[in-house]
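K.L.:
How does the following fold in three dimensions:
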Amino acid sequence: MPLDAICLAAVREELSGRLSDMKIDKISQPERDMIVLSLRGSASPCRLLISAGSGDARVHLTEYQFENPKTPPMFCMLLRKHLIGARIVSIEQPKAERILLFRLSAPDALGDISEKQLIVELIGRRSNVILVDSEMIIIDCLRRIGGELTDSRAVLPGLIYRPPAAQEGKLDPLTLTLDEWDPVYDSRMGKTVESWLLTVFSSLSPLICRELAWRAYGDTGFPMTAISDDGAALRDEFFKLVAQAKSKEFEAWLLSDGDNRPVDFSYTRIDQYENVCKLEAAESFSALLDEFFTRSAQIERVRQKAAALTKTLKNARDRQVRKLAIQKEEQIKTGERDILRQSGDIITANIHHMQKGQGELVAEDFYSEDGAMRKIKLDVLKTPQQNAASYYKAYTKAKNAEKHLAGLLESGERELYYLESVLEEIAIAQGEMDLLSIREELMETGYVKAQKNPKQKQSGFSPMRFESSQGILIYAGRNNLQNDQLTFKTAHKSDVWLHTQKIHGTHVVISCGGNMPDDVTLYEAASIAAHFSSARWSGKVPVDYTFIKNVKKPSGGRPGMVIYTDYKTILANPDEELVNRLRKD
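P.N.:
Residues are numbered from 1 along each chain as shown. All right, here's what the predicted structure looks like:
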């Protein structure tokens, strides 16, 4: 559901208590419609995400890390100029509007303090982020509007800020009194309770309107014509919700489907789905929105960008599987080579009875225990001696082919393992930089054509960095090339190395300087290894660990492939929440 005015009020209430008097330390714009403010103050540091996307407009604290463009956008640079060091004075919301006003006390170039406002309009396709001065003059905005005769409101630098026009003809549910209910109800319109509520009142989302119908009459699509109590049940549920909103008794609820994918959220308990959806209480509205929007958006965005690489790798993997199947069939055939040698021996033993032009030899099989007869096909154009030589030659060829096929199969199995490991890397990639580094790896291994004139700078070596709860640094590679770099060039021989047991996954290194890390750090590192592996949706995952000095690169091994000795195994839970909390890059 979109953030309706009441749900936004719940978010504002939560943010006001958390962000009051905090200062803006950093500003980034990882995407065109997204601003992230890094805040510090008396409370613990945090990051405020502001999105003006048409389908995901929202404001909340976030725990996610975002990749920033190499060159900051102009609006981001302008915000840095005006708001770095600014203090949040208050967060306000105009009545019944999906707008938040961040009142800021900001120093100018000379160090003088002035008042500024960051206005966040969360109104669908017209969502915007607007910076104004103390006189409400627009300094700049994320999305400039104006210049066309059809524009009802211009939002441009230098103009006085005017708020969006209020919805005409709709009532504010928070100001409606009990005495005003009957006249409003008597003028009812719409086929269902949901459509009537949406038509008459602002600030109510379709989800809430359906929930009110469910609470009153047990049916989300209950028709207005079927109401037999003059709307008494609907009135009671309506004012219960209003009382909850007025008293700010908000609750953060997340609805998920059978696959644990978020499907909706609300500021009040939602029971209309019964057992179809799972209802969970979130610890905060920021945690709720971060889970619903940010995580889902990141997964979808990376999935779309990874589609081409995934297709290329799957085609290569499928070709390799078919190639291995053919080679295995040929290997099975070479196992019958002794029959060829035996046939040559039988022809040689009976050569004095044979004639040129003979098409078949039927003779005693002295290799058979019961002395059975064997039929051997002959080439009529060859002499008996030549036929025997042909069988011996075919035997020698099959014997040599078996040795050659054994090497090809071993190499092919390694190649298949490598392709599957890269597919797993793509599946767990968390951003464009991860995908870029994977693409570079595939260029080096020949699966993706290298660009003739690459404009984009190489991604370089930047492994994921974590810090255990005991303060020890932990590193993890983003792809196979980084795994090799981390394990064999960056890490010290005395560091501890971890990898999921017989499961595709990343290399993890605990920078411990020769000392075996404490149990907590070891478990946390193992949890990181389990999370960034193909077993990340499992329960307990076996993770092997040993010192770097015990890890070797096999001869001819593809990137990421290693062998190791003198290891121990720990069972770890791939805890995503723990991994995000420990991550520092």
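K.L.:
Mind checking what helix or strand follows the helix ranked longest in the chain in sequence?
P.N.:
Looking across the chain with DSSP state H, the single longest helix is helix 384-428. The helix or strand immediately downstream of helix 384-428 is helix 432-445, counting by DSSP states H and E.
K.L.:
ok, and what's touching that following helix?
P.N.:
In this structure, residues lying in contact with helix 432-445 by C-beta atoms under 8 Å, 6 or more residues apart in numbering are 67, 302, 305-306, 309, 312-313, 418, 422, 425-426, 429, 448-450, 456, 458-459, 462, 478-482, 558-559. (C-beta placed from N, C-alpha, C; glycine too.)
K.L.:
Buried ones from those residues, can you make that a PyMOL selection?
P.N.:
Buried residues within the contacts of helix 432-445, by 16 or more other C-beta atoms under 10 Å, are selected in PyMOL with:
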select buried, resi 302+305+306+309+312+313+418+422+425+426+429+448+459+478+479+480+481+482+558+559
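K.L.:
Out of the contacts of helix 432-445, name the ones that lie in helices.
P.N.:
Going by DSSP H, the helices hold 302, 305-306, 309, 312-313, 418, 422, 425-426, 480-482 from the contacts of helix 432-445.
K.L.:
Among those, which one sits closest to Ser527?
P.N.:
Within the ones in helices among the contacts of helix 432-445, distances to Ser527 taken as C-beta to C-beta reach their minimum at Glu425, with 18.7 Å.
K.L.:
ok, the closest one touching Gln482?
P.N.:
No: Glu425 is beyond contact range of Gln482, at 9.6 Å (criterion: C-beta atoms under 8 Å).
K.L.:
List the residues that are in contact with both of the two.
P.N.:
In contact with both Glu425 and Gln482: no residue, using C-beta under 8 Å, 6+ apart.
K.L.:
coming back round to it: quick check, nearest of the ones in helices among the contacts of helix 432-445 to Ile339?
P.N.:
Using C-beta to C-beta, those come closest to Ile339 at Tyr418, 37.0 Å.
K.L.:
residues in contact with Val422?
P.N.:
313, 438, 441-442, 479-480.
K.L.:
Lowest-confidence member of these, which is it?
P.N.:
Least confident by pLDDT among the contacts of Val422: that is Glu441, with 78.
K.L.:
Flag the helix or strand of the chain with the lowest per-element mean pLDDT.
P.N.:
The helix or strand of the chain with the lowest confidence, counting by mean pLDDT, DSSP states H and E, is helix 432-445 at a mean of 78.
K.L.:
Can you give me the buried ones in that one?
P.N.:
432, 434-442, 445.
K.L.:
Just put these in a markdown table and tack on distance to Pro45.
P.N.:
Written out in a markdown table, the entries for those read as follows (distance: C-beta to C-beta, whole Å):
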| residue | distance to Pro45 |
| --- | --- |
| Glu432 | 25 |
| Asp434 | 25 |
| Leu435 | 29 |
| Leu436 | 29 |
| Ser437 | 28 |
| Ile438 | 31 |
| Arg439 | 34 |
| Glu440 | 33 |
| Glu441 | 34 |
| Leu442 | 38 |
| Thr445 | 41 |
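K.L.:
which of these sit farthest apart?
P.N.:
Farthest apart among the buried residues of helix 432-445 - using C-beta to C-beta - are Glu432 and Thr445, which lie 20.4 Å from each other.
K.L.:
low-scoring stretches of this structure, by residue?
P.N.:
For the chain, the stretches flagged by pLDDT under 70 are 1-2, 147-151, 259, 298-301, 335, 430-432, 451-461, 585.
K.L.:
Helices of the protein, start to end?
P.N.:
5-19, 74-83, 178-186, 193-200, 206-217, 232-246, 285-289, 296-334, 337-349, 384-428, 432-445, 480-485, 519-531, 576-582.
K.L.:
can you tell me which residues contact the residue lying closest to Leu378 once chain neighbours are set aside?
P.N.:
Nearest in space to Leu378, with sequence neighbours left out and distances taken as C-beta to C-beta, 6 or more residues apart in numbering, is Asn387 at 4.8 Å. Applying C-beta under 8 Å, 6+ apart to Asn387 gives the contacts 347, 378-379.
K.L.:
rerun at 10 Å
P.N.:
With contact taken as C-beta atoms under 10 Å, 6 or more residues apart in numbering, Asn387 is in contact with 343-344, 347-348, 351, 354, 356, 358, 361, 376-381.
K.L.:
And Leu324, by the same measure?
P.N.:
Here Leu324 is in contact with 408-409, 412-413, 415-416 (criterion: C-beta under 10 Å, 6+ apart).
K.L.:
mind giving me the domain ranges of the chain?
P.N.:
Following automatic domain parsing, the chain resolves into domains at 5-141, 327-425+434-460, 464-582.
K.L.:
starting at the chain centroid, how far to the last one?
P.N.:
What that stands for is domain 464-582. Averaging C-alpha positions (C-alpha atoms, centre = their mean, to the nearest Å) puts domain 464-582 20 Å from its chain's average.
K.L.:
For it, measure first residue to last.
P.N.:
For domain 464-582, the first-to-last residue distance is 11 Å (C-alpha to C-alpha, to the nearest Å).
K.L.:
ok, back up a step: distance to Asp236 for the domains of the chain - can I get that in CSV?
P.N.:
Formatted as CSV, these follow (distance: least, C-beta to C-beta, whole Å):
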stretch, distance to Asp236
domain 5-141, 18
domain 327-425+434-460, 53
domain 464-582, 40
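K.L.:
which stretch among these comes nearest Phe293?
P.N.:
Using C-beta to C-beta, the nearest of those to Phe293 is domain 5-141, at 4.9 Å.
K.L.:
Determine how far the last residue of that closest one lies from the first.
P.N.:
Per C-alpha to C-alpha, domain 5-141 runs 22 Å from first to last residue.
K.L.:
Likewise for stretch 217-235?
P.N.:
Stretch 217-235: ends 12 Å apart by C-alpha to C-alpha.
K.L.:
Next, the buried residues of that stretch.
P.N.:
For stretch 217-235, by 16+ other C-beta under 10 Å, it's 217, 220, 222, 224, 227, 231, 233-235.
K.L.:
Using CSV, write down the CA coordinates of stretch 294-310.
P.N.:
Output of stretch 294-310 as CSV, limited to C-alpha atoms (Å, rounded to 0.1, in the frame of the first residue of the first chain):
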residue,chain,number,x,y,z
THR,A,294,14.2,-1.2,0.4
ARG,A,295,15.0,-4.9,0.5
SER,A,296,12.4,-5.8,-2.2
ALA,A,297,13.5,-2.9,-4.4
GLN,A,298,17.2,-3.9,-4.1
ILE,A,299,16.4,-7.5,-5.0
GLU,A,300,14.3,-6.6,-8.0
ARG,A,301,16.8,-4.0,-9.3
VAL,A,302,19.7,-6.4,-9.0
ARG,A,303,17.6,-9.2,-10.6
GLN,A,304,16.9,-7.1,-13.6
LYS,A,305,20.5,-6.0,-14.1
ALA,A,306,21.7,-9.5,-13.6
ALA,A,307,19.3,-11.1,-16.2
ALA,A,308,21.7,-10.8,-19.1
LEU,A,309,24.7,-12.3,-17.2
THR,A,310,22.5,-15.1,-15.8
